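> Compute the structure for the input listed below.
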Amino acid sequence: MIDPIRDFIEREGLLVLDGGLATELEALGCDLNDPLWSARVLIDDPAVIRAAHRRFLEAGADCIATSTYQATFEGFRARGLDAAATTRLLRDSVDLAISARADFLAGRPASPLGAPPPSNRAAPPTPAPRPVPPSSRPPSPSRPPPLVAASVGPYGAYLADGSEYRGDYGLSAPELYDFHARRWEVLAETEADVLACETTPSVEEVRAYCRLAAVSRRPVWISFQCRDGARLADGTPLETAAALCDAEPHVVAVGVNCVDPRLVVPLVRVARRATEKPILAYPNSGEEWDADAKRWTGPATPMDWARSAAEWRAAGADGVGGCCRVGPGEIAAVRAGAASSQKTVT
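Alright, predicted model coming up:
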């Protein structure tokens, strides 16, 4: 098995991840107030997804995640789509990211966005996108091509009730395996470099993902949603979950995502005690998700993204980026801060 994460890190010293795809889609005018969330745009306006990917690449991201976090057979079936249509959309999501990468590497201009379809583009719920600072490392023949990660959201993302921040599914690992298996099979057959299991709040879901990784024999990263600096959302010690991943050779990296930035350093240190595999850290802005109101609330954590990225890297993170409410501007700062720090690659 090729390990694209370690290969990239060993060559470049670090991996800069993208930010919140849904956040950037909103900034580009998409209305995501929908159970399908960003997966809705796969149906209504896929060109905007490619534009969002391109903005993160221009900001310096070494890895972009597809728009499949909330894309499931069950969710699309509720929208009236059959299995063949869902399979096509899942594949299209990977193709969009690969296409954005190809255009970026070739230096082709970003495609202009067309007129917004009335069903999808309302008045932007977030401010217009800010100019993207130029990457400190423009495309060059010596730079490895950015990776494409096929995003796999947790069962709680399908429920769309905020349970990915609690992990209280009441489902066993075999039941979660069955839920994820059809989408996993499709994504595993695409040209994505890695499957990214994100915002994982439950140790039973970790077990399901490890089994899926072993069966598919595809490189996978598993990133955890944590309630504090030491435990998953369901209360399982992070060290326990990271050790499960360490024992599965096809899980090539572990991480933490969509956590408050203030939790990153302790979480990275805990994870490092359980594994020598690369560790990825991509927190949100520090705001909290209100599942009833379907919006982010509270203040963002005051922070200097460049300085914080350097601190996360010094603590043991091999890949750094952002999640919800983190845009290309912050990713450009992350690249600048992480690249200027010194860290020995594990």
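> Which secondary structure element is home to the residue nearest to R273 when sequence neighbours are not counted?
Take R273 and drop its neighbours on the chain: the residue closest to it by C-beta to C-beta, 6 or more residues apart in numbering is E239, 5.8 Å away. Placement of C-beta: from N, CA and C, glycine included. Using DSSP states H and E, the element containing E239 is helix 238-246.
> helices or strands up against that helix?
helix 203-216, strand 220-224, strand 251-257, helix 264-274 (3 or more C-beta pairs under 8 Å, 6 or more residues apart in numbering; DSSP states H and E).
> Go through the longest one and flag the buried ones.
What it means is helix 203-216. Buried residues in helix 203-216, counting neighbours by 16 or more other C-beta atoms under 10 Å, are found at 203-213, 216.
> Spatially central residue for the protein, please.
Nearest residue to the geometric centre of the chain (C-alpha atoms, centre = their mean): A65, 5.2 Å.
> Show the contacting residues for that residue.
17-18, 21, 97, 149-151, 196, 198 (C-beta atoms under 8 Å, 6 or more residues apart in numbering).
> what do you get for Q70?
Per C-beta under 8 Å, 6+ apart, neighbours of Q70: 35-39, 153, 157-158, 160.
> Reformat the residues you listed as a markdown table; add secondary structure.
As requested, those are arranged in a markdown table below (DSSP: H, G, I helix; E, B strand; the rest coil):
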| residue | secondary structure |
| --- | --- |
| P35 | coil |
| L36 | coil |
| W37 | coil |
| S38 | coil |
| A39 | helix |
| G153 | coil |
| A157 | helix |
| Y158 | helix |
| A160 | coil |
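> nearest to S142, of these?
S38 (33.1 Å; C-beta to C-beta).
> For the closest one, which non-adjacent residue is closest in space?
Once flanking residues are discounted, S38 sits nearest to A22: 4.3 Å by C-beta to C-beta, 6+ apart.
> give me the number of residues near that neighbour?
A total of 22 residues lie near A22 under the criterion other C-beta atoms under 10 Å.
> In this protein, where's the longest helix?
In the chain, with assignment by DSSP state H, the single longest helix is helix 83-106.
> Let me know the angle separating whichever helix or strand comes after that helix from strand 220-224.
Proceeding N to C from helix 83-106, the next assigned helix or strand is strand 147-152, under DSSP H and E. With axes from the mean of the first three to the mean of the last three C-alpha atoms, to 10 degrees as the basis, strand 147-152 and strand 220-224 are set at 60 degrees to each other.
> in its sheet, what does strand 147-152 sit against?
Strand 147-152 pairs in its sheet with strand 63-65 (parallel), strand 194-200 (parallel), by DSSP bridges.
> Would you mind putting the CA coordinates of the longest one into CSV?
Put plainly, it is strand 194-200. Provided in CSV are the C-alpha atoms of strand 194-200 (Å, rounded to 0.1, in the frame of the first residue of the first chain):
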residue,chain,number,x,y,z
VAL,A,194,-6.8,8.9,0.8
LEU,A,195,-10.1,8.5,2.6
ALA,A,196,-10.5,11.0,5.4
CYS,A,197,-12.8,9.9,8.3
GLU,A,198,-13.6,13.2,9.9
THR,A,199,-15.2,14.5,13.2
THR,A,200,-15.3,11.0,14.6
